[in-house]
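Trainee: Pasting the sequence and the predicted coordinates here, then a few questions.
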Amino acid sequence: MTKQDLVNAAAAAAGVTKKDAQAVLDALLDTITASLKKGETVTITGFGTFRVSNRAARTGVNPRNPSEKISIPAMKLPAFKAGKSLKDAVR
């Protein structure tokens, strides 16, 4: 399912125009992104939790030259943990 498919489904389910559904979806995604940039956790009860995960710096291997070691810097990554309701619905 693409973002446009999600907009179409939300518009049909809520009985609003696709333009309004697109605006709401964009606002929701922007809000989640802004919160994660601040390092906050976003919890949507029954759906799941978005959070920022920290990955430590480490040494890796260059795939083009396996004898060469490369340094991989520390970074922050977005992570999602599904809630119980979502897990039960998928099962």
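Mentor: That came through fine.
Trainee: Which neighbouring residues are in contact with the closest residue to Ala74 other than its chain neighbours, exactly?
Mentor: Closest residue to Ala74 apart from its sequence neighbours, by C-beta to C-beta, 6 or more residues apart in numbering: Ala57 at 4.2 Å. For the C-beta atoms, the positions are set from N, CA and C on the backbone; glycine is no exception. Under the criterion of C-beta atoms under 8 Å, 6 or more residues apart in numbering, the neighbours of Ala57 are Ser71, Ile72, Pro73, Ala74.
Trainee: and the gap between the residue nearest to Thr17 when sequence neighbours are not counted and Gln4?
Mentor: Computed as C-beta to C-beta, 6+ apart, the closest residue to Thr17 that is not its neighbour in sequence is Ala11, at 6.3 Å. When distance is defined by C-beta to C-beta, to the nearest Å, Ala11 is 11 Å away from Gln4.
Trainee: Compare those two and say which is more crowded by neighbours.
Mentor: Ala11 (18 against 11; other C-beta atoms under 10 Å).
Trainee: Grab the longest helix from this protein for me.
Mentor: Assignment by DSSP state H gives helix 18-37 as the longest helix of the chain.
Trainee: How about residues contacting it?
Mentor: Contacts for helix 18-37 (C-beta under 8 Å, 6+ apart): 3, 6-8, 10-11, 14, 41-42, 50-52, 78.
Trainee: Return the member of those nearest to Asn65.
Mentor: Asn65 has its nearest neighbour among these in Pro78, at 31.0 Å by C-beta to C-beta.
Trainee: Cool, thanks, signing off.
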